Structure formats: C-alpha cells, structure tokens
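Peer 1: Next comes the sequence, and after it the predicted model I'd like to discuss.
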Amino acid sequence: MSFFSKLFTKENKESLDQGLSKTKESFFGKITKAIAGKSTVDADVLDNLEEVLITGDVGVQTTIKIIKRIEDRVKRDKYVGTDELNTILKDEIVALLSESNKKTSHFSEPLISKPHVIMVVGVNGVGKTTSIGKIAYQYKQAGKSVMLGAADTFRAAAVDQLTIWSERVGVPIVQQGMGADPASVAFDTLSSAKAKGTDVVIIDTAGRLHNKVNLMNELTKIKNVMKKVVPDAPHEILLVLDGSTGQNAVEQCKQFTAATDVNALAVTKLDGTAKGGVVIGISDEFKIPVKYIGVGEKMTDLQVFNAPEFVDSLFSKS
C-alpha cells in the first residue's frame with residue numbers, strides 16, 4: 001500500500017463518491033443509452049460513446065484519444081462485449097490521467113524548500129479564497145506552519161475574505177489593504193515568513209482576465225519580487241478553476257497558462273455539477289497536474305487529487 005493510499009481514508013472516499021455523484025449519474029445514464037441493444041463494441045457504440053464523452057465536458061481532443069485507445073483495444077482483443085466497456089473505459093481514463101499526474105503529493109510529505117511558496121491565481125468567483133483557506137487548514141493539520149499573503153488588492157472584499165479565513169484556520173496573514181501594491185504585499189509576506197521560519201506561504205493574487213498583458217505583467221512583477229527574498233520562489237503557481245463551468249474552465253486555463261507558468265491546478269465545485277469530466281480534459285490538454293479537487297463544503301473536501309480514486313468514484317456501481 002502506497003503512502004497516499006494510507007492517507008486516503010474511508011471518509012475521503014465517501015466525500016469523493018458523494019461529490020462526484022451528479023457527474024456519475026449523468027455519465028452512466030448516457031453510457032447505458034449509448035450501448036442499448038448492442039452486445040459488442042462496434043462503430044455505432046464508439047460513435048455514441050464519443051458523443052457521451054464530449055457532452056460530458058471531457059473535451060474533443062481528449063475524447064478522440066480515449067476512443068482511439070478503445071478502438072486499438074477492440075482490434076487487439078478481437079471481441080469486446082459491451083458489458084466490458086465500463087472497465088475498458090475506466091482503464092484508459094486512468095492511464096490518460098496518470099500521464100499528467102505522475103506523482104500524488106500530500107500535505108504530510110516533507111517540503112523540499114522552506115518556506116514552500118504557493119502563488120494562487122484564478123478569476124474571481126471560482127473558489128480561490130476558499131481553496132486557500134482549506135489548503136492552509138490541511139497543511140496546519142499536518143503539523144506545518146502557514147502564512148497567508150493578501151496580494152489580491154484590487155477587489156474590496158478579497159483582503160477581508162482572506163483575513164476571515166486566516167482567523168478561522170488560525171494562521172497569520174500579511175495584508176496592506178485594498179489598493180496596495182500586490183508585489184509589495186508578496187515581498188513583505190515572504191520576508192516575514194523567512195524571518196519566522198514558516199513552512200508554507202500562500203499568496204493570493206488578483207483574479208482579473210480583462211487584459212492579458214496587464215495580468216502577465218502583474219504576475220511577473222510579483223514573481224520577480226518574491227525571488228529577491230526566496231530565490232527559487234514561487235515553487236507552485238496554482239490555478240484555481242470552477243469545475244461547474246465546464247468548457248469555460250478550459251478557456252480560463254488557456255488564458256492563465258499563456259500569462260504565467262502554471263504548474264498545478266485545483267478544480268473546485270465538482271459536488272454541485274454533472275461536469276466533472278472536465279477534470280479529465282483539462283489534465284490531458286494542458287499536461288499540468290491536477291493537484292486538488294473540491295468535492296464539498298468541509299475543510300477536508302478540497303482533496304489531493306488521486307487519479308485511480310477519482311475514476312473509481314466515477315465508475316462505482318453504488
């Protein structure tokens with residue numbers, strides 16, 4: 001049993017199953033219709049399955065890959081019954097997700113650098129601040145010291161919301177109020193964290209996409225200022241996406257990956273949607289690891305993403 005499997009508790013799995021229930025119900029219902037009256041996986045079944053995956057927000061390019069893999073398997077095995085389709089589909093999706101998510105990290109793992117600096121990006125309304133709070137909570141529960149930096153200074157409520165989360169979680173926050181220079185906030189946060197020997201620093205940034213050039217310049221400035229304090233910071237640039245928006249989340253991913261070097265994703269709000277298939281498409285299309293998924297309201301419902309467990313929940317019969 002792997003380190004992660006030991007930490008992926010029964011409660012985690014139950015939350016994941018429940019959080020993905022709407023996606024699973026939609027997915028299974030459509031697959032059942034796709035194979036109705038068929039005993040073998042033929043061209044018609046594959047055409048119907050392709051439609052199921054695309055309408056399930058898996059995305060066109062990723063769907064084509066999955067269908068090609070199934071076609072190859074059908075050719076190799078000569079005869080594949082429709083009763084085997086779920087197992088084959090599950091295997092191929094796990095394989096595809098594993099290509100982009102080769103290593104599953106966890107809050108309890110030793111940190112390579114100290115402080116470990118996470119810069120969080122994403123448009124307003126995707127659950128960015130809530131995700132920061134939940135990540136801070138779980139790092140703290142794992143015995144690590146955490147500090148927050150309120151560098152989203154363009155929205156009046158952003159600093160206040162992050163301050164509320166810092167109080168709720170019980171971690172310090174560095175903030176200069178609305179209108180302050182975001183890079184200055186980041187500099188002060190890292191300076192304080194370094195002086196105090198803090199393990200993890202999480203920096204919130206403004207969620208604006210109306211001008212990509214301005215966004216790119218701002219994020220670059222924040223990164224450059226961070227490096228003056230911690231030369232290899234930020235260690236993670238985490239993009240938060242709202243999974244319930246489906247293909248809109250894909251478009252946001254395109255915008256932010258063009259603006260900065262995103263190297264981790266968090267896909268939130270999967271519990272309120274049937275669009276959970278977007279996790280598969282985003283992971284495959286951008287080749288960026290999905291680090292967290294949001295499957296509920298509880299602090300622990302922002303889970304570290306584990307591809308086999310995710311797919312198992314999508315395909316579980318219960």
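Peer 2: Yep, that arrived.
Peer 1: Low-confidence ranges, this structure, go.
Peer 2: Judged by pLDDT under 70, the chain has its weakly predicted residues at 1-8, 79, 103-105, 209-212, 317-318.
Peer 1: Nearest to the spatial middle of it, which residue is it?
Peer 2: Closest to where the C-alpha atoms of the chain average out (CA atoms, centre = their mean) is A266, at 2.2 Å.
Peer 1: show me where this protein has strands.
Peer 2: 116-121, 146-151, 173-174, 200-205, 236-242, 264-268, 290-294, 302-304 (DSSP state E).
Peer 1: tell me the contacts of the residue lying closest to the residue nearest to the centre of the chain once chain neighbours are set aside?
Peer 2: Distances taken as CB to CB, 6 or more residues apart in numbering place Y292 nearest to A266, at 4.0 Å, with adjacent residues excluded. The C-beta positions use only the backbone N, C-alpha and C, and glycine is treated the same way. For Y292, the contact set (CB atoms under 8 Å, 6 or more residues apart in numbering) comprises 131, 135, 238, 265-267, 302-305.
Peer 1: Against V159, how distant is the residue nearest to A180 when sequence neighbours are not counted?
Peer 2: What sits nearest to A180 in space, not counting adjacent residues and going by CB to CB, 6+ apart, is T153, at 4.6 Å. Using CB to CB, to the nearest Å, one gets 7 Å for the distance from T153 to V159.
Peer 1: The two: which is more packed in?
Peer 2: Between T153 and V159, V159 has the larger neighbour count (other CB atoms under 10 Å), namely 24 against 21.
Peer 1: Help me confirm that the more buried one comes into contact with G179.
Peer 2: No - look at V159 against G179 with CB atoms under 8 Å: they stay out of range, at 9.7 Å.
Peer 1: if I look at the two, which residues touch both of them?
Peer 2: Between them, V159 and G179 share the contacting residues T153, judged by CB under 8 Å, 6+ apart.
Peer 1: if we can go back for a sec, between T153 and V159, which contacts overlap?
Peer 2: Counting by CB under 8 Å, 6+ apart, the shared contacts of T153 and V159 are 177-178.
Peer 1: which ones are touching M216?
Peer 2: With contact set as CB under 8 Å, 6+ apart, M216 has these partners: 258-260.
Peer 1: quick one: it from R168, how far?
Peer 2: Distance from M216 to R168, counting by CB to CB: 33 Å.
Peer 1: With T273 instead?
Peer 2: Computed as CB to CB, the T273 to R168 distance reads 25 Å.
Peer 1: more crowded one of the two?
Peer 2: Summary of the neighbour comparison: T273 and R168, criterion other CB under 10 Å, with T273 having more neighbours (20 against 12).
Peer 1: ok, for the more buried one, nearest residue in space, not its chain neighbours?
Peer 2: With CB to CB, 6+ apart as the measure, S244 is the residue that lies nearest to T273, at 3.8 Å, once sequence neighbours are left out.
Peer 1: I'd like to know the beta-bridge partner residues of the residue nearest to I288 when sequence neighbours are not counted.
Peer 2: Leaving out its chain neighbours, the residue that sits closest to I288 by CB to CB, 6+ apart is L265, at 5.4 Å. Here L265 sits in beta bridges with L239, V290, as judged by DSSP bridges.
Peer 1: check contacts around the residue nearest to the centre of the chain.
Peer 2: Residues touching A266, when contacts are defined by CB under 8 Å, 6+ apart, comprise 131, 238-241, 290-294, 302.
Peer 1: Can you name the residues that contact D83?
Peer 2: For D83, the contact set (CB under 8 Å, 6+ apart) is empty.
Peer 1: ok, now F286?
Peer 2: Under the criterion of CB under 8 Å, 6+ apart, the neighbours of F286 are 100, 253, 257, 262, 265.
Peer 1: Let me know the distance separating D242 from F286.
Peer 2: The gap separating D242 from F286 is 16 Å, by CB to CB.
Peer 1: and if you look at K223?
Peer 2: K223 is 20 Å from F286, where distance means CB to CB.
Peer 1: coming back round to it: can I assume the residue nearest to I288 is in contact with G243?
Peer 2: No - here L265 does not reach G243: they are 10.3 Å apart, not a contact under CB under 8 Å.
Peer 1: Quick check: neighbours shared by the two?
Peer 2: In terms of CB under 8 Å, 6+ apart, L265 and G243 are not both contacted by any residue.
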